[in-house]
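K.L.:
3D, please:
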Amino acid sequence: MGSGLDILQAGNPPRAKFLNYPLGFEAGQPFDKDNQLAVLTAAVSGFDDMSKPTIEELDFSWDSGWQMIADRDKRSVGADLRSERDNTPRYQEQRDREMAEGS
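P.N.:
Got it, this is the predicted structure:
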C-alpha cells in the first residue's frame, strides 16, 4: 500500500495497492473515519485474487488534499524542504549499494 506510484514501481512489489493521495495520507483523509475505513477496506481486499505481480490503483479521489499540501508548503514553518524526487537510487551504506546492484 502506498501513495507514491513511482516509489511503488521502483520497489517492484509482488502485489500492491496505490492510493492517489498526498504522501503521508496512505490511511485516508485526516479526521474522516468513514474515508479511512473505506480506504483501508479497499486496500486489504482483493490481494488473494491477484494472480500476478501488479500495482492496483484504488478508486479514491481527494483533490483538496493536494491544495492543502501546496498551501502548507507556501508557509515558512512546516514547509517541505526536501529535494525534488528523481529515479536515482540512494543507499545508506556502500554495502546496501553492493547488495542492490549485485542482485
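K.L.:
Name the residues that touch the helix or strand containing Asp96?
P.N.:
Secondary structure from DSSP states H and E places Asp96 in helix 94-102. Residues from elsewhere that reach helix 94-102, judged by C-beta atoms under 8 Å, 6 or more residues apart in numbering: 89, 91. C-beta here means a position set from N, CA and C on the backbone, and glycine is covered the same way.
K.L.:
Start the count at 31 instead of 1 going forward.
P.N.:
Will do, 31 is the new start, and the previous item becomes helix 124-132.
K.L.:
Can I get that helix in PDB, CA atoms only?
P.N.:
Provided in PDB are the C-alpha atoms of helix 124-132 (Å, rounded to 0.1, in the frame of the first residue of the first chain):
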ATOM      1  CA  GLN A 124      28.100   1.200   0.500                       C
ATOM      2  CA  ARG A 125      27.100  -2.400   1.500                       C
ATOM      3  CA  ASP A 126      23.500  -1.600   0.600                       C
ATOM      4  CA  ARG A 127      24.500  -0.400  -2.800                       C
ATOM      5  CA  GLU A 128      26.600  -3.600  -3.400                       C
ATOM      6  CA  MET A 129      23.700  -5.800  -2.400                       C
ATOM      7  CA  ALA A 130      21.200  -4.000  -4.500                       C
ATOM      8  CA  GLU A 131      23.300  -3.800  -7.600                       C
ATOM      9  CA  GLY A 132      24.500  -7.400  -7.200                       C
END
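K.L.:
what sits against Phe48?
P.N.:
Phe48 neighbours (C-beta under 8 Å, 6+ apart): 32-33, 35, 38, 85-88.
K.L.:
Give me the buried positions along the helix holding Asp126.
P.N.:
Along helix 124-132, no position meets the burial threshold by neighbour count (16 or more other C-beta atoms under 10 Å).
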